[in-house]
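1. Predicted model follows, preceded by the sequence.
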Amino acid sequence: MTPELTALILAALLQVLQFVGYSITAQLQVGAKKALGPRDEQVQLTGKAGRLQRAMNNHFEGLILFGIAVMVVTYSGQGDGSTAIACAIYLAARVLYVPAYVFGWVPWRSLIWVIGFAATLYLLLSALM
């Protein structure tokens, strides 16, 4: 398996961990009855649960572009040392983004996001070269 595909799998597993963390904190906040209910009315999560939810949603958005970039680089045979490093940077940025968001690390959260986005952009542009 290529380093790029390995990073994609690890990013997906990070998404799973974020979902578990969000689900646990959300249920603790709203209670089991509301969490297991039909959710006819939107529940507004606050505090840690809300920040975990937003960080998870942000990763879903970033994971789409990263997944496309990894697939194009991999299937076009353009993976090399620089694309592997870009994937590692993306993954490290996404791992750091979670506590940065949850604990409100300003302005570091935004800087970490930009680094991950730049790594994805590098992969996309590399695929065109």
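-> That came through, no problem. Residues are numbered from 1 along each chain as shown.
2. contacts, neighbours, all on C-alpha from now
-> Fine.
3. All the strands of the chain, in order from the start?
-> Counting by DSSP state E, one finds no strands in the chain.
4. what's the residue closest to the geometric middle of it?
-> By C-alpha atoms, centre = their mean, the mean C-alpha position of the chain lies nearest to His59, the distance being 2.7 Å.
5. Out of the helices and strands in this protein, which is least certain?
-> Least confident helix or strand, the chain: helix 32-36 with a mean of 70, by mean pLDDT, DSSP states H and E.
6. For Asp40, see how far away the spatially most distant residue from the centre of the chain is.
-> Relative to the centre of the chain, the most outlying C-alpha is that of Lys33, 28.8 Å out, by C-alpha atoms, centre = their mean. Taking C-alpha to C-alpha, to the nearest Å as the measure, Lys33 falls 13 Å from Asp40.
7. Next up, the contacts around Pro99.
-> Applying C-alpha atoms under 8 Å, 6 or more residues apart in numbering to Pro99 gives the contacts Trp105.
8. From what I see, the residue nearest to the centre of the chain and Val95 are in contact.
-> No. Applying C-alpha atoms under 8 Å as the test, His59 and Val95 come out as separate, 10.0 Å apart.
9. buried residues in stretch 65-85?
-> 65-67, 69-74, 78-79, 83-85 (16 or more other C-alpha atoms under 10 Å).
10. pLDDT weak spots in the chain?
-> Residue ranges of the chain with pLDDT under 70: 35-36, 39.
11. Now do the helices in it.
-> 3-30, 32-36, 47-75, 81-102, 108-128 (DSSP state H).
12. Identify each buried residue in the first one, please.
-> Think helix 3-30. Across helix 3-30, burial judged by 16+ other C-alpha under 10 Å covers 3-5, 7-8, 11-12, 14-15, 18-19, 21-23, 25-27, 29.
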